[in-house]
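In: Quick check, what structure comes out for this input:
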Amino acid sequence: MERDRRLALVAAVAIIVASVATIFFAPSSTTIPIPEPSTGGSSGNSTGGISSGIKVVAENLDVPWAIDVAQDGRLFFTERSGAIRVVAANGTLLSDPAAYINVAQEGEAGLLGLALHPGFMQNHLLYIYQTYTNGTAVFNKVVMLTEKDSKIIDSRVVLDGIPASDRNDGGRIRFGPDGKLYIATGDAKQPELAQDAGSLAGKILRINPDGSIPDDNPFAGSPVYSYGHRNVQGLAWDAQGSRMYATDHGESGNDEINLIKPGENYGWPIEQCDATRFEKPVACFNPAIAPAGMAVAHSDKLGYEGDLLVASLKAMQLRKVDLSDNTAINVLTSYGRIRDVVEAPDGTLYVLTSNRDGRAIPNPGDDKILHIQAP
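Out: Sure thing, here's the model as predicted:
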């Protein structure tokens, strides 16, 4: 009850403050400089200098947004226009999608996140985050799907009513080490909603796989796990499962990596980067890099064990971020905008490019799934 009252009080105060003025703070000492690309033409998407350890698994894709890897070697990924697609264990992209999802696609909305259930090989469940319209308004929802022979055969909505817009929809979903489904939402271009205790916008949400609310959520009866976010695009946990990280887009610069704590407020739209009243980010990026999907390497196969790997859209890089000394190095350049990264069970990485999303000039073959097999 005390935490419920605290959330309501902070939300009420924050909404009043936000309605009067939005305070933007300069970047702090946590600002991480952007590594320069090592190669690449004007689009940042040339193929010069590409390591032989990088293989193109699939190409000519339609804005791939999220990817996950099954224990049997299959890759499941979404295309923003509405297709769920599968790469077979032998590396062949199946010509027929697993399903076409009817989505409201405008701007950055559409079919976004995807996550396989931890018990996917037994229960064949996967989850998606999609934008839809009910005829009068647009919303986001999370749907549980059942797969058989790389086809979707059943579906059930597990969370609905998430505010939507043509931008700032969040959309990343991931299962945590605790077996709960975590859902990143955006403020839907209404910043005050991030501080509104009654809204699902501008939050990280946590639910059981069946859509029910976990008993140990920080606010009783609510899926809200943390709040005060603008547009969370990446979620990841360390190998011990004790630290959860999220990437968040700032309005103009001030992109953040946050260490997520249950029940805490991350300040948007009142504070960014140099937070004094709310949770302070562990890293801040100025100018903007538009951080997207993220992973913490649990294997040392590529030499990245324990490192934070962050996909970057605007900076067009996959980078390794060292939070101990606020430094970053490039892991991948020359492929343009990078949307998502996931570590496979064998310790290699799969990466999605996003050059057909309306913010880049695509090269022949875009968009692609890349397999990083060697550093």
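
In: Could you check the pLDDT of residue 10?
Out: pLDDT recorded at residue 10 is 46.

In: now the lengthiest strand in the chain, how far from the centre of its chain.
Out: Assignment by DSSP state E gives strand 151-163 as the longest strand of the chain. Remark: strand 151-163 is offset 18 Å from the chain centroid, using CA atoms, centre = their mean, to the nearest Å.

In: repeat for stretch 170-186
Out: 9 Å.

In: Could you give me the buried positions within that stretch?
Out: 170-176, 180-186 (16 or more other CB atoms under 10 Å). For the C-beta atoms, the positions are set from N, CA and C on the backbone; glycine is no exception.

In: mind checking how far residue 65 is from residue 80?
Out: Going from residue 65 to residue 80 by CB to CB, to the nearest Å gives 5 Å.

In: Correction: the previous question concerned residue 151.
Out: For residue 151, the distance to residue 80 (CB to CB) stands at 21 Å.

In: Any stretches of the protein with poor pLDDT?
Out: For the chain, the stretches with pLDDT under 70 are 1-52.

In: more crowded one of residue 151 and residue 80?
Out: Remark: of residue 151 and residue 80, residue 80 carries more neighbours, 26 against 14, as counted by other CB atoms under 10 Å.

In: what is in contact with residue 65 and residue 80 at once?
Out: 110, 111, 112 (CB atoms under 8 Å, 6 or more residues apart in numbering).

In: who wins for most neighbours among those residues?
Out: Neighbour counts for these were taken using other CB under 10 Å; the highest belongs to residue 111, with 28 neighbours.

In: so what's it bridging to?
Out: residue 130 (DSSP bridges).

In: ok, it - contacts?
Out: Shown in contact with residue 111 (CB under 8 Å, 6+ apart): 65, 78-84, 101, 103, 105, 128-131.

In: Of those residues, just the buried ones, ChimeraX syntax please.
Out: Only the buried entries of the contacts of residue 111 go into this ChimeraX selection, using 16+ other CB under 10 Å:
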select :65,78,79,80,82,83,84,101,103,105,128,129,130,131
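
In: With respect to residue 331, which of the contacts of residue 111 is nearest?
Out: Set against residue 331, the nearest of the contacts of residue 111 by CB to CB is residue 65 (20.2 Å).

In: just the strands in the stretch 51-200 of the chain please.
Out: 54-58, 64-69, 75-79, 83-87, 99-100, 111-116, 125-133, 138-148, 151-163, 173-175, 181-184 (DSSP state E, counting those that start in this stretch).

In: just checking, which of the ones you listed sits deepest inside the structure?
Out: Of the strands of the stretch 51-200 of the chain, the one with the most neighbours on average (mean count of other CB atoms under 10 Å) is strand 181-184, at a mean of 27.

In: Residue 79 reaches residue 65, doesn't it?
Out: Yes. Residue 79 is in contact with residue 65 according to CB atoms under 8 Å; the separation is 7.0 Å.

In: any idea how far residue 223 lies from residue 194?
Out: Residue 223 sits 15 Å away from residue 194, going by CB to CB.

In: the more surrounded of the two?
Out: Set residue 223 next to residue 194 and count neighbours by other CB under 10 Å: residue 194 wins out with 30 against 24.

In: who are the neighbours in contact with that one?
Out: Counted by CB under 8 Å, 6+ apart, residue 194 has contacts 187, 201, 202, 203, 227, 228, 229, 230, 268, 269.

In: Can you tell me which of those comes closest to residue 349?
Out: Of those, the one sitting nearest to residue 349 (CB to CB) turns out to be residue 229, at 25.7 Å.

In: To what extent is the closest one buried, counted in neighbours?
Out: Counted by other CB under 10 Å, the residues lying close to residue 229 total 27.

In: any idea what sits nearest it, other than its immediate chain neighbours?
Out: Spatially, and ignoring its direct neighbours in sequence, residue 229 is nearest to residue 202 (5.0 Å; CB to CB, 6 or more residues apart in numbering).
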